[in-house]
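> Kindly return the folded structure for what I paste below:
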Amino acid sequence: MTRYALQGMNCAGCAASIEGALRSLEGVTAVRVDFAQAVAHVEGPAPAAAVQAAVAGLGYQAEPLAEGDAAPARERLAAEAARLRRSFLLALPAAAAVAVLGMGGVRGPVADGAQALLAAAVLFGPGLRFHRAAWQRARHLEAGMDTLVSLGTLAAFGASPAGLLGGGHLFFDSAAVIVALILLGRWLEARARARTGDAVAALAGLAARSATLLVDGAEKAVPAASLVPGDRIRVRPGEKLPADGRVVAGASAVDESLLTGESLPVEKAAGDTVIGGSLNGSGVLEVEVTAVGAETLLAGILRAVERAQATRAPVQRLADRIAAVFVPIVLAVAILTLAGWLLAGGGGEAALSAAVAVLVIACPCALGLATPTAILVGSGEGARRGILFRDAEVFERSRQADLVAFDKTGTLTEGRMSLARVVPAPGESEDGCLGPAAALETASEHPLARAVVAGWRERHPGTALSAPTDFAAEAGRGVRGTVGGEEVRVGTLPWLLPEGAAPPPWLAEALAAAEEAGETAFLVEAGGRLRGLLTVADQLRPDAAGLVRSLAARGLEAAILSGDRPGTVRAVAARAGVAVGEGGLLPADKAAWIEERRAAGRVVCFVGDGVNDAPALAAADLGVALGSGSDVALEAGDVVLVGGGPSRLLGAFDLARLTLRTIRQNLFWAFAYNTLAIPLAASGRLSPMIAAGAMAFSSLSVVLNSLLLRARAARALGPAAGTSANAGPDRP
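Predicted coordinates for the structure are as follows:
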């Protein structure tokens, strides 16, 4: 897909015309013009020159955007706002003078001539942009907002010479003031639209510009863009990470809040991964670069946000269809208004005033801005909170979901084994059971062994363990070795209990409790004595039960789908407060389970890790991938939660619903405005100047309402992590 920066668009009708022209080009397979961002997204092998020529033929400009240029709209809209400000400031004094003369009733050859000259200066100076755009559209038998403004102001100006000659009413003030007011409205609108991209611009601005490359141990300052995977770099305190990588030396706390939404710095040491664009804390890190440029997590996040902003939400389609035909309808209404007043004997002045008011007030800009500005702010707010929406339709599907199915391991649980309980045999102590087992397991790399060793160290920080000798692993049974002169065995019941012997009561009771809790149990023998029972388990995330309760409060039912043992899944479901826990499922089985519920009328959201759960994520109405932001996670889910746990799902649901509510508010007021304003203008109750001011206010109010989504999100979800974080210096 190629993106083009557009200049000259003033309404949704402009966007529709450009879409139509580009869609007819050979080699274009799909096209989407984003009015709010002033960007065209073109798919297919069509040459850039052909795209630019087609856009230029309509009176607009198109410039290809480079890969990774993630926040161009804000800069272009700011530049356009500056141009509109200059035009408005040029038009304002002349329009004010004409208004004073016209409304003050000052007449005479000198005063009338001054009105004519000043109005002409406004109309064919700062206002020339409207006539040029209208002419370009007319050449292609099309009409847009500029057509309405041009026809309205030219009609008012053209009717005034008769008043000069006959002493009748002059419309110079209407023509000049309309141009000034519309320029003011567009200037304010461009400023507000530029602000909608602040969150994305902040993310794009995280990319470091320079790096300290290590070459044979010596430092060399280089542009960050020149780094390649495999390079080794040094990152000092307060510097941004210039690329994704792996720490090879040093330790520090790294602020990843603007990328992952996590408010607390993350401790990093040798072997840990780091994210380009994050801010190094107090330590010096040496990092081996693993990804640069478009392959980094930051670039992936920006692509995901851009993809969401480039798609249309279903709620927008009706507005698009109406906006595309709105201008021709308005032209017809204006003609009928003029004819109706004349036939009713209302007089030429009243007829012209009403017709001009209809032309000016019926701007479809508010309709065109209603959805994309809200999507832009909503997806940007999500990105600041580590919530990435894949496309605009996700906002609506999030509202419709009524069933949330979770993968278990790594989603509702920590995804790593930890020591759950130590049950010493009668006459033995916990340390007498755990100590020999932990010492023996230091020689093993098995996840269960690491859980036992970690459990000992949590209970006895700083206490050394004896090194085992004669260590050996017995396949399917356990491990054995010598610790402190004693033979130690850790393993299964059949291996450590006498053949055919029933477990003693204490052990039977402990085994039953472990099975009910879904824990893995094994025995410890040291010095020929049975020392006790150890169990390990993948622990439930601390926030899992609260998440399930919060989902229920929002009317969402929860379920767990897992490939783990059914008993373990049921135990985890019970601890989390989930009524349905299905175990022993293959990836295809999870997808089939989801399809069955969808066939029964449920709207299913599935939450998984974005890798082995890809079939279930694809089968669900709404797939939510947890992950570090890897390419797989970014591509697998409709929503990606970058960093943190599944509790961020609540923020995704709430933000999606707030965004959809804002879109509906925008559309309501846009439709209500045009529905009420046009009849008022046609009936003569609105003067052309008041109509111009009201039209500008309508578009501006829609954009400002979208910007208020930030405040609503802060109230509902709390402030985004890192919103006030210092970006820190970017020095080599």
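> Buried residues in the strand or helix carrying Ala354, which are they?
In the assignment (DSSP states H and E), Ala354 maps to helix 348-361. For helix 348-361, a neighbour-count test (16 or more other C-beta atoms under 10 Å) marks 349, 351-361 as buried. For the C-beta atoms, the positions are set from N, CA and C on the backbone; glycine is no exception.
> and if you look at stretch 416-428?
Buried residues in stretch 416-428, counted by 16+ other C-beta under 10 Å: 417-425, 428.
> Take those and write them to a markdown table, including distance to Ala625, secondary structure and pLDDT.
Listed next are the buried residues of stretch 416-428 as a markdown table, based on distance: C-beta to C-beta, whole Å; DSSP: H, G, I helix; E, B strand; the rest coil; pLDDT from 0 to 100:
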| residue | distance to Ala625 | secondary structure | pLDDT |
| --- | --- | --- | --- |
| Met417 | 23 | strand | 83 |
| Ser418 | 24 | strand | 88 |
| Leu419 | 30 | strand | 92 |
| Ala420 | 28 | strand | 90 |
| Arg421 | 33 | strand | 91 |
| Val422 | 36 | strand | 95 |
| Val423 | 38 | strand | 95 |
| Pro424 | 43 | strand | 95 |
| Ala425 | 45 | coil | 94 |
| Glu428 | 46 | coil | 93 |
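> and which of those residues is nearest Leu123?
Ser418 (76.4 Å; C-beta to C-beta).
> I'd like the buried residues of stretch 416-428 as a markdown table, with distance to Ala334 appended.
What follows is the buried residues of stretch 416-428, written out as a markdown table (distance: C-beta to C-beta, whole Å):
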| residue | distance to Ala334 |
| --- | --- |
| Met417 | 74 |
| Ser418 | 74 |
| Leu419 | 79 |
| Ala420 | 77 |
| Arg421 | 81 |
| Val422 | 85 |
| Val423 | 87 |
| Pro424 | 91 |
| Ala425 | 95 |
| Glu428 | 95 |
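> What is the nearest of these to Leu22?
Met417 (55.4 Å).
> list the contacts for that closest one?
Met417 makes contact with 447-448, 450-451, 520, 536-538, according to C-beta atoms under 8 Å, 6 or more residues apart in numbering.
> Skipping its backbone neighbours, what lies nearest it in space?
Leaving aside its sequence neighbours, Met417 sits nearest to Ala451 (C-beta to C-beta, 6 or more residues apart in numbering; 4.1 Å).
> how much space between the one you found and Leu403?
Separation of Ala451 from Leu403 (C-beta to C-beta, to the nearest Å) stands at 33 Å.
> Likewise for Ala681?
For Ala681, the distance to Leu403 - C-beta to C-beta - is 49 Å.
> Please say which of the two ends up with more neighbours.
Using other C-beta atoms under 10 Å, the more surrounded residue of Ala681 and Leu403 is Ala681, with 29 against 21.
> Just the angle for whichever strand or helix holds that one relative to helix 348-361, thanks.
Assigned by DSSP H and E, Ala681 belongs to helix 648-682. Counting by axes from the mean of the first three to the mean of the last three C-alpha atoms, to 10 degrees, helix 648-682 lies at 170 degrees to helix 348-361.
> quick one: buried residues of helix 648-682?
Quick answer for helix 648-682 (16+ other C-beta under 10 Å): 648-660, 662-663, 665-667, 669-671, 673-674, 677-678, 680-682.
> Return the distance of the helix holding Ala354 from the chain's centre.
44 Å (C-alpha atoms, centre = their mean, to the nearest Å).
> got it, and stretch 47-63?
29 Å.
> try stretch 602-618
The answer for stretch 602-618 is 19 Å, by C-alpha atoms, centre = their mean.
> distance between the ends of it?
16 Å (C-alpha to C-alpha, to the nearest Å).
> Among the buried residues of stretch 416-428, which one sits closest to Ala190?
Ser418 (55.3 Å).
> Check which helices and strands the one helix or strand Ala133 maps to is in contact with.
If you go by DSSP H and E, Ala133 is part of helix 128-139. Secondary-structure packing of helix 128-139 (3 or more C-beta pairs under 8 Å, 6 or more residues apart in numbering; DSSP states H and E): helix 145-166.
> Hey, what's the angle from whichever helix or strand comes after the helix it packs on to helix 128-139? Just curious.
Counting by DSSP H and E, the next helix or strand C-terminal to helix 145-166 is helix 172-195. Orientation check (the same axes, to 10 degrees): helix 172-195 against helix 128-139 gives 90 degrees.
> In space, what's closest to Glu286 - neighbours in sequence excluded?
Excluding its sequence neighbours, the residue lying closest to Glu286 (C-beta to C-beta, 6+ apart) is Ala249, at 4.0 Å.
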